[in-house]
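Participant: For reference, the sequence and a predicted model appear below.
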Amino acid sequence: SSTSIAQTQDGFQGTFMVADQIDFDRATETMQARGHVEVFHDGMTLRAPSVVYNGQADQVSVLGPITLHDAASGSTTFADFAELSADLQNFILIAARHVMQDQLQIAATEMERRDGRFTEWRTVTASYCEVCPERPTPLWEIRARRATHDQVERMIYLRHAQFRVAGVPLAYTPYLRMPDPSVDRATGFVSASIRSSTLTGTTLRLPYFIVLNDQSDLTLTPGFLLGGSVDTLNTLEARYRRAFSYGDLEINGAVSRDDLTAADTRAYMFMKGDFTFPYGVDLSF
């Protein structure tokens, strides 16, 4: 079948649809597109095998598999079913998986966007680790009953959040706030990492970045032992940074409680400074 292109005159104004076949019923003001359907509106792109536009309700119904891409935020959403406004700004998606800037992945039973600003997920699993059919359980994840993304503030708010490592619950909090991937500097969790050693085993490091002010910040990194030759390992790393008019100061340290030595507690601290003052005076330590 040949490709059809359609643009309506009223509520669908400014929205373009491309499909293998497009049928329009003037009596019910219904447009139905089938086969390789693509809908475009103001940076939003919707792809699906079947799309129905109801002109009387000014609503779009879509049968999946669905791909919805938002060029403004750099996010892509996959879902099984959706109902959207004609401009694709407000919608409800069922069985959704939302990927923000190829970094943060959020899976939910239902995803709703309203006012072109707030996105809400229900029964949520969020992780910076890649989630795919071959690896359905990420290395670490946050599960929550509900999560809300404020696109203007660029923050994600989670309710009744549970932190898990390899599917095992480790911590719970009734409220958690974290920046979305578009934020360069904000208080919240940073991507986790794995450190493996023949001496201490495999440790999961989960940094938490804290903005103190415009000139300084603090990063606290707890270490969770995932298995190895040491019976217990509890480590907390810390990094403090401060920018001055004439230079920078950085302090790194850690405290560990384990059975590597006779002492139960071990600690270290390093300090580094680089300053350039007037009249050619340099100070480094």
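Facilitator: In hand now; what should we look at? Numbers count the residues shown, from 1 in each chain.

Participant: quick one, what contacts Thr187?
Facilitator: The contact partners of Thr187, by Cβ atoms under 8 Å, 6 or more residues apart in numbering, come to 177, 179, 209-211. Just so you know, the C-beta spots here come from the backbone N, C-alpha and C atoms, and that holds for glycine as well.

Participant: Format the residues you listed as JSON lines; extra columns: pLDDT.
Facilitator: Below are the contacts of Thr187 laid out as JSON lines (pLDDT from 0 to 100):
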{"residue": "Arg177", "pLDDT": "85"}
{"residue": "Pro179", "pLDDT": "83"}
{"residue": "Phe209", "pLDDT": "89"}
{"residue": "Ile210", "pLDDT": "92"}
{"residue": "Val211", "pLDDT": "91"}
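
Participant: In JSON lines: those residues, plus secondary structure and neighbour count.
Facilitator: Shown next, in JSON lines, are these (DSSP: H, G, I helix; E, B strand; the rest coil; neighbours: other Cβ atoms under 10 Å):
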{"residue": "Arg177", "secondary structure": "strand", "neighbour count": "13"}
{"residue": "Pro179", "secondary structure": "strand", "neighbour count": "20"}
{"residue": "Phe209", "secondary structure": "strand", "neighbour count": "17"}
{"residue": "Ile210", "secondary structure": "strand", "neighbour count": "13"}
{"residue": "Val211", "secondary structure": "strand", "neighbour count": "13"}
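
Participant: between those, which is closest to Thr67?
Facilitator: Nearest to Thr67 out of these is Pro179 (Cβ to Cβ; 25.5 Å).

Participant: how close does the closest residue in space to that closest one that isn't next to it in sequence sit to Arg97?
Facilitator: Nearest residue to Pro179, sequence neighbours excluded (Cβ to Cβ, 6 or more residues apart in numbering): Ala186, at 3.8 Å. Using Cβ to Cβ, to the nearest Å, we find Ala186 at a distance of 24 Å from Arg97.

Participant: give the contact list for the closest residue to Asp180 other than its chain neighbours.
Facilitator: Among residues not flanking Asp180 along the chain, Arg154 sits closest, at 5.0 Å (Cβ to Cβ, 6+ apart). Shown in contact with Arg154 (Cβ under 8 Å, 6+ apart): 179-180, 182-183, 186.

Participant: ok, now with 6 Å
Facilitator: For Arg154, the contact set (Cβ atoms under 6 Å, 6 or more residues apart in numbering) comprises 180, 182-183.

Participant: Retrieve the pLDDT associated with Asn54.
Facilitator: Looking at Asn54, its pLDDT is 85.

Participant: quick revisit: wait, doesn't the residue nearest to Pro179 sit right on Arg177?
Facilitator: No: Ala186 is beyond contact range of Arg177, at 9.3 Å (criterion: Cβ atoms under 6 Å).

Participant: where along the stretch 51-200 of the chain do the strands fall?
Facilitator: With DSSP state E, counting those that start in this stretch, the ranges of strands along the stretch 51-200 of the chain come out as 59-70, 75-85, 91-100, 104-114, 118-127, 140-150, 155-165, 168-179, 188-189, 193-197.

Participant: and the last one with strand 140-150, angle?
Facilitator: By that I understand strand 193-197. Put simply, strand 193-197 runs at 160 degrees to strand 140-150, going by axes from the mean of the first three to the mean of the last three Cα atoms, to 10 degrees.
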